[in-house]
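**Student:** Fold the following and give me the result.
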Amino acid sequence: MKIENYIRDIQDFPKEGILFKDITPLLNDPIARTACLKILVNSLKNQKIDKVVGAESRGFFFGMLLAQELNAGFIPVRKPNKLPYETISASYELEYGSDSLEIHTDAIQKGDKVLVHDDVLATGGTAKAVCELVEKLGGEIVQCNFLMELTFLNGRDKIMKHPIFSVLSY
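**Tutor:** Below is the predicted model of the structure:
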C-alpha cells in the first residue's frame, strides 16, 4: 500500500505560498490508516513507551491510535488556554508564523519513556517545543515520529538529538 496516495496537496493553505499536505484522505480510509499505524508502531522496534505525546491538533489522530496500540498513556499538547489544569508552555516558530504550546504539569513523570508524535515535521519548531516540554517534566524521549517530513525545510536539525522517524518524506 502506498500511503502517499492518501495525502492530498492543497495549494495556498493556510496562506498564500504554502503547499499544505492534507491527511484527511488517510484518516478516511480504514485500510490505509491501519497500514500507516503499523508502519509507525514497527518503527519503534519493540521499545517500551509509557506515554505518547500528540501535538495539537493533527498529532492527536495517530497519537491516540499509537497510545492504544502501545498500551501507553496519551498526552495532548495544546495551544494556550485549552488545557484545564496547571500547565507549562514553550514557544515555537512555524513556516508561516509563531505560536506556543502547553502541557499539563502532571502529565509526565520523571523517567517516563515518551514517544512524541505529530503529523508533519516541517521547520521543526513545533517538534522542538514539544520535546522541550517533555524534557522539562523529566520525560525521556524514545523517538519523535511523524506521518511525513518536509525535508527541504530542515526541521530535523532542531530535534537531531532524538531518534526521528517519518513514514513519508517530501
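**Student:** only C-alpha atoms for contact and neighbour calcs from this point on.
**Tutor:** Fine.
**Student:** low pLDDT regions in the protein?
**Tutor:** Scanning the chain for pLDDT under 70 picks out 94-97.
**Student:** the helices in it, which residues?
**Tutor:** 24-28, 30-42, 59-70, 125-136 (DSSP state H).
**Student:** would a markdown table of the ones you listed with mean neighbour count be doable?
**Tutor:** Listed next are the helices of the chain as a markdown table, based on neighbours: other Cα atoms under 10 Å:
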| stretch | mean neighbour count |
| --- | --- |
| helix 24-28 | 15 |
| helix 30-42 | 16 |
| helix 59-70 | 20 |
| helix 125-136 | 22 |
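**Student:** Need those helices in a markdown table (columns: distance to residue 156).
**Tutor:** Formatted as a markdown table, those follow (distance: least, Cα to Cα, whole Å):
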| stretch | distance to residue 156 |
| --- | --- |
| helix 24-28 | 24 |
| helix 30-42 | 17 |
| helix 59-70 | 17 |
| helix 125-136 | 9 |
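**Student:** Tell me the backbone dihedrals of residue 111, please.
**Tutor:** Dihedral angles of residue 111 (phi, psi; degrees, to the nearest 10) stand at phi 90, psi -10.
**Student:** okay, now it: neighbour count?
**Tutor:** Residues near residue 111, counting by other Cα atoms under 10 Å, number 13.
**Student:** Put the alpha carbons of stretch 84-103 into PDB.
**Tutor:** What follows is stretch 84-103, C-alpha atoms only, in PDB (Å, rounded to 0.1, in the frame of the first residue of the first chain):
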ATOM      1  CA  PRO A  84      -7.900  22.900  32.200                       C
ATOM      2  CA  TYR A  85      -5.200  22.200  34.700                       C
ATOM      3  CA  GLU A  86      -1.800  23.700  35.600                       C
ATOM      4  CA  THR A  87       0.400  23.900  32.500                       C
ATOM      5  CA  ILE A  88       3.900  24.900  31.400                       C
ATOM      6  CA  SER A  89       4.500  26.300  27.900                       C
ATOM      7  CA  ALA A  90       7.100  26.600  25.100                       C
ATOM      8  CA  SER A  91       7.100  29.000  22.100                       C
ATOM      9  CA  TYR A  92       8.000  28.000  18.600                       C
ATOM     10  CA  GLU A  93       8.200  29.200  15.000                       C
ATOM     11  CA  LEU A  94       6.200  27.800  12.200                       C
ATOM     12  CA  GLU A  95       6.900  28.100   8.500                       C
ATOM     13  CA  TYR A  96       4.100  30.600   8.400                       C
ATOM     14  CA  GLY A  97       4.200  32.300  11.800                       C
ATOM     15  CA  SER A  98       4.800  31.700  15.500                       C
ATOM     16  CA  ASP A  99       2.800  30.200  18.400                       C
ATOM     17  CA  SER A 100       3.100  28.400  21.700                       C
ATOM     18  CA  LEU A 101       2.100  25.100  23.200                       C
ATOM     19  CA  GLU A 102       1.200  23.900  26.700                       C
ATOM     20  CA  ILE A 103       1.200  20.600  28.600                       C
END
